[in-house]
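Novice: Build me a model:
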Amino acid sequence: MTTPAERTKAVLGTRDFLEILSRADEVTIHGLVQSVAASLLRHYPLKVDLDLSAAALPTVWAPPSTPGGKGEHVALEFNLAHQTWIVKK
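Specialist: A predicted model of the protein is given here:
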């Protein structure tokens, strides 16, 4: 199970990695990109994680598109009384 700290570290690490790649003239160490990418993706947030984060922090995250590929967004509402998330279409 990915913890919030691991997820945050993956997001920050991915940003750093992409910044390094954007400045590099060439990658000279065989397998570097694949090994670093695999390490970062281990705890990288899934779309469902982003949906939950977007519902809780709408000024920080935008909900990702639904898997249907139509650009629709899933709205989530937290039911405080039942401590559950409700999907709104």
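
Novice: would you say His30 is within a helix?
Specialist: No: counting by DSSP: H, G, I helix; E, B strand; the rest coil, one finds His30 to be coil, located in no helix.

Novice: what's the neighbour count on it?
Specialist: Residues lying near His30 (other CB atoms under 10 Å) number 8. All C-beta spots, glycine's among them, are computed from the backbone N, C-alpha and C.

Novice: Distance of it relative to Ala54?
Specialist: 38 Å (CB to CB, to the nearest Å).

Novice: Next: Phe17.
Specialist: Separation of Phe17 from Ala54 (CB to CB) stands at 24 Å.

Novice: Specify which residue of the two has the higher count of neighbours.
Specialist: For Phe17 versus Ala54, neighbours defined as other CB under 10 Å are more numerous around Ala54 (19 against 16).

Novice: Please compute how far the helix or strand that one falls within lies from its chain's middle.
Specialist: For Ala54, the host element (DSSP states H and E) is helix 47-56. Averaging C-alpha positions (CA atoms, centre = their mean, to the nearest Å) puts helix 47-56 9 Å from its chain's average.
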